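*Asks:* got a structure for you, letters missing:
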Ligand code: NDP
C-alpha cells in the first residue's frame, strides 16, 4: 500500500463529530504519555562514553594509525571545528582578507555532522537551497530539493577548496589546551598531536552533534553481537555504502534503537538489506511527507542575485509568524507555520490564555493529520496505533519521510513499542522488552547526540582567558555572553552555535549570520591596526537582561512537553540546556539586531585596543 500524499482530517477518537479536535481528551492523553516518559535523571540517563563504551567514539572513516609530525607555528585565525560553522567562519574571514587560517578538526575531513553521519539513507530534510550555504559564491546548485549526505559532504569539501582552507587544516586532531598569552597578546593552543599554534583570533565552532549519545540500558556492555552508533556507521560490517545495498546484513537479525530524525532515515534502508529488522521505539516521531524532487533547471535559470539570502529570510520569517507575500520554500515545515500563523512555539508576548489554547488547537490539528497519514499507510492496526505520537507538534523536532511508515508493512520488519519506557535490558544475545528477548546479530543506536550538558561539553578542553580565568568557571552555571559571541575576559575569542543566539530550524542560517558578524568585527580590528577586541562585564550583563523575563507561555509550553533534547529531557529550566542558549525574541530579531549594531559602527559593548 502506498502512502497518502495529502494531509487528511483523520478519524481518530480525539476528533469530535464537527471535525475539530477534542482538546480536553488530547490534553489528558498528552499528560499521560508525558508522565510515562519523565525520568528523574533527565540528561544523566545517558552514560559517558568512556571505558568499554569509548569505542563508540572512534572514527571508522579514517586510518587509525595515521601520524604526522607536530606543527609549531603562528596563524591569524585558529578555528576549532571544520563543520558547517567552522567552514562558514573561515570562508567569511577569508572574504574579509584574513590570510593564515588554521582549522583544527577531529574528523578526517571537513563536513562536521555531514562527515560523521554517513548512515545509508542520510539526507537533509531542510531544503538544500537554503541549507547549503554560499551557493551563489560557489556557483553550485544542489541536485535535489532535499540533498543526500554524500552530496552535502562533497559540497562542504568544495567550500574548503574554494576558500583555500585545506593546506592549513589539521584533521584527526583535537585541541587539548587553549590559553590567552598576555605577553604576545595571542592565543596559545596545543593539540593531542603535540602541535603548538599561536593565533591572534580564535573561533570556537566545535558544535555539539559530534558526540554520540547512548542510553544507559543495563547490559549494554555485554552484547556479544556487533553494535555501533549511526554517526559511526560500520560499513566494514554491513557492506554497501551511503546508498544502502548492505549485503553484509542479508543473513542478519538487526535491531535499531531510536526513532528520531535519524531513525526515520536509516530504518527504510536497513529494512531493504537486513534479513529481519526490529525497530525499538520509545517515543514515535511525527512523520510528514517530504516530497523530494530534482532541481528544476528552469527555476535555476530564473534566479536573480541575492536569491539565497532572500529564500533563507523568507523561511525564517514564516517560522516566526511574520507575513510574507509568498512562501518560497513551500514544504511541510512552512506548511505547519502557515497553518499556525505564528512561529515555532512562542505565542506573541502577552497573549491571553485563550489565544494560547488556539495555538494548542492548531498543534492538535497538525497532529491529527499526522495520525491520519499513519492510518492511511500502515496496514497493521496495532502497529499504526503504536506509531502515533501524542505530544504538541513542536515538542520534538518534526520528522519527514516518504518511506518510513511504509517500511512497517514489510514482512521482515517489526516495530517493538516500549510504551515510553525504553528498552529494558540488553543481553549478550539481544534486547529485552516486556520480558521478551529479541535475539540479534547487530544493534544500531540511533539515539542522538550529547547536546544537554552545556557548551563546555562540546570540546575536550577548557578555555583559559586573561589572568587564568577559566571558561568552565565563568560559564559553569550556563552561558553568559555578549550577543552570543563574546565572553568577558576572553579577548579575540568568538563563540558560535547556540550560545545565546537566534535559533531557527535552518541552523545554517544562524551559523552563517554569526560567521559574517565575526568577520565584520575582525575587519574592524584590523582596520584599526589594533591587537585585541574584548567585551565588557557591563555589556554581558546587559545582554543577560534580554533573557531575564522569558515569556511564561513559552516556559509552560516546554515544561508541558514530552521529554526530548529540546527541553533537556523534561527539565526545561536547565541552565545548561539547549533552550537556555537561544535568543528569546526569535532569530530574525537577533539577525536584525546584529545588522543594526554593525551599521551603527561604534562596536558598542566591545573594547578595541
Ligand atoms: P534524537 O535525540 O532526536 O533521537 C534519539 C532517539 O533515541 C529517540 O527516539 C529516543 O526516544 C531514543 N532513545 C533514547 N534512549 C532510549 C532508550 N533507552 N530506549 C529506546 N529509545 C531510546 O536523535 P537523532 O539522531 O534522531 O536526531 C538528532 C538531531 O539531529 C535531530 O533532531 C536533528 O536536529 C538532527 N538531524 C537532522 C537531520 C536533517 O535532515 N537535517 C536528519 C537527522 C538528524 P525518546 O524520543 O523517547 O527520547
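*Replies:* Everything's here; your move. Just so it is clear, the model here is predicted, and its values are computed rather than measured.
*Asks:* how about the helices in the stretch 251-400 of the chain?
*Replies:* Counting by DSSP state H, counting those that start in this stretch, the stretch 251-400 of the chain has helices at residues 261-273, 297-301, 307-319, 332-340, 353-377, 381-386.
*Asks:* Quick one: residues contacting the closest residue to the ligand within the stretch 501-609 of the chain.
*Replies:* Closest approach between the stretch 501-609 of the chain and the ligand, counting by CB to the nearest ligand atom: residue 565, at 5.0 Å. Heads up, the C-betas are built off the backbone N, CA and C, glycines and all. Listed by CB atoms under 8 Å, 6 or more residues apart in numbering, the contact set of residue 565 reads 448, 449, 451, 452, 578.
*Asks:* Nearest to the ligand, out of the helices of the stretch 251-400 of the chain?
*Replies:* Closest to the ligand of the helices of the stretch 251-400 of the chain is helix 261-273 (CB to the nearest ligand atom; 3.3 Å).
*Asks:* Can you give the distance from that closest one to the centre of its chain?
*Replies:* Centroid separation for helix 261-273 versus its chain: 19 Å, with CA atoms, centre = their mean, to the nearest Å.
*Asks:* residues of that helix that come out buried?
*Replies:* Applying a neighbour-count criterion of 16 or more other CB atoms under 10 Å, one finds 261-273 buried in helix 261-273.
*Asks:* can you pull out the strands in the stretch 51-200 of the chain?
*Replies:* Along the stretch 51-200 of the chain, the segments classed as strands by DSSP state E, counting those that start in this stretch run 72-80, 101-104, 175-181, 186-191, 196-204.
*Asks:* could I get those as TSV with mean pLDDT?
*Replies:* Formatted as TSV, those follow (pLDDT from 0 to 100):
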stretch	mean pLDDT
strand 72-80	98
strand 101-104	98
strand 175-181	96
strand 186-191	98
strand 196-204	98
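*Asks:* Buried deepest among these, which one?
*Replies:* Stretch with highest mean neighbour count among the strands of the stretch 51-200 of the chain: strand 101-104 (a mean of 25; mean count of other CB atoms under 10 Å).
*Asks:* Tell me how many other residues crowd residue 370.
*Replies:* 22 (other CB atoms under 10 Å).
*Asks:* Give me the spatial nearest neighbour of it, chain neighbours excluded.
*Replies:* residue 286 (4.7 Å; CB to CB, 6 or more residues apart in numbering).
*Asks:* follow-up on the earlier one: residue 145: which of the buried residues of helix 261-273 is nearest?
*Replies:* The closest of these to residue 145 turns out to be residue 265 (CB to CB; 15.5 Å).
*Asks:* OK, contacts around the closest residue to the closest one other than its chain neighbours?
*Replies:* Spatial nearest neighbour of residue 265, chain neighbours left out: residue 121 (4.3 Å); criterion: CB to CB, 6+ apart. Counting by CB under 8 Å, 6+ apart, residue 121 makes contact with 244, 265, 266, 267, 268, 269, 270.
*Asks:* Kindly recompute the last result at 10 Å.
*Replies:* Contacts for residue 121 (CB atoms under 10 Å, 6 or more residues apart in numbering) come out as 148-149, 230, 242-244, 262, 264-272, 401, 403-404.
*Asks:* just checking: which of those also lie near the ligand?
*Replies:* Filtering the contacts of residue 121 for proximity to the ligand by CB under 6 Å from any ligand atom leaves 262, 265.
*Asks:* so what pLDDT did residue 33 get?
*Replies:* For residue 33, the model assigns a pLDDT of 97.
*Asks:* Confirm for me that it is in contact with residue 392.
*Replies:* No - in this structure, residue 33 is not within contact of residue 392 by CB atoms under 10 Å, at 11.0 Å.
*Asks:* between the two, who's got more neighbours?
*Replies:* Between residue 33 and residue 392, counting by other CB under 10 Å, residue 392 is the more crowded of the two (24 against 17).
*Asks:* Would you mind measuring from that one to the ligand?
*Replies:* Residue 392 sits at a distance of 14 Å from the ligand (criterion: CB to the nearest ligand atom, to the nearest Å).
*Asks:* so who does that residue touch?
*Replies:* Taking CB under 10 Å, 6+ apart, we find residue 392 in contact with 26-27, 30, 34, 345, 359-360, 362-364, 366-367, 557-558, 560-562.
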